[in-house]
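Visitor: sequence unavailable; structure follows:
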Ligand code: VGL
Ligand code: ZN
């Protein structure tokens, strides 16, 4: 029935990225009904969950004198400093209450390493430490991914670019994503996704 080589990847639809959350993305909650409806079209549904330990190195509060949305240089490169968000086990880290999480084949968590942020569902921000998702998808014969979720210009973008580089066919449903849009980051993300062959739908 469904194409067994095509999976839906739902990125970080968590309370902290929705209105009222610690790193709220405008309209982040609006995409939930559409994502739930889309799940029925796929034979595999994978959710990601940003899952940081308290005091994570991507949090501005972990760097004395720094404030959220400042940039710093980490050993692996430039890093935006964020407000504390998606701390393991907190309500903010939980999925939006209306997301149909029962439909998930796999929930993959990322950002657990205290020293390295992880926007992508495939690699940490050092661009070399794998999450294991590539192996999971390949062993199931999945070659195509449709991506939705939060935020378009960070975790969706990094996941889409990494997936394309790994050889997956990637479509991003922009109508079922919402962006943080920090200093032109949405336009830059769209450019980098297109340059990697990602289809922006
Ligand atoms: C994200 C910033 C920090 C995201 C996660 O899900 O796009 N953005 N952590
Ligand atoms: Zn995060």
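Guide: Looks like it came in fine. All values derive from a computational prediction rather than experimental measurement. Numbers count the residues shown, from 1 in each chain. Ligands and ions are numbered 1, 2, ... in the order given.
Visitor: C-alpha from now on. contacts and neighbour counts both.
Guide: Fine.
Visitor: ok, how many other residues are close to the nearest residue to residue 24 once chain neighbours are set aside?
Guide: With Cα to Cα, 6 or more residues apart in numbering as the criterion, residue 24 has its nearest non-adjacent residue at 4.3 Å, and that residue is residue 17. Neighbourhood size, residue 17 [other Cα atoms under 10 Å]: 30.
Visitor: so the residue nearest to the spatial centre of the chain, which of the three states?
Guide: Taking Cα atoms, centre = their mean, the centroid of the chain lies closest to residue 155, which sits 3.3 Å from it. Here residue 155 takes the helix state, with states given by DSSP: H, G, I helix; E, B strand; the rest coil.
Visitor: what's the separation between it and ligand 1?
Guide: For residue 155, the distance to ligand 1 (Cα to the nearest ligand atom, to the nearest Å) stands at 4 Å.
Visitor: name all residues that make contact with that residue.
Guide: 11, 12, 119, 120, 121 (Cα atoms under 8 Å, 6 or more residues apart in numbering).
Visitor: of the residues you listed, which belong to strands?
Guide: Of the contacts of residue 155, the ones assigned to strands by DSSP state E are residue 11.
Visitor: with pLDDT as new columns, can the contacts of residue 155 be given to me in TSV?
Guide: Listed next are the contacts of residue 155 as TSV, based on pLDDT from 0 to 100:
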residue	pLDDT
11	98
12	98
119	97
120	98
121	98
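Visitor: need the contacts of residue 155 in a markdown table with distance to residue 161 and neighbour count, can you?
Guide: Shown next, in a markdown table, are those (distance: Cα to Cα, whole Å; neighbours: other Cα atoms under 10 Å):
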| residue | distance to residue 161 | neighbour count |
| --- | --- | --- |
| 11 | 14 | 25 |
| 12 | 16 | 30 |
| 119 | 11 | 22 |
| 120 | 9 | 26 |
| 121 | 10 | 30 |
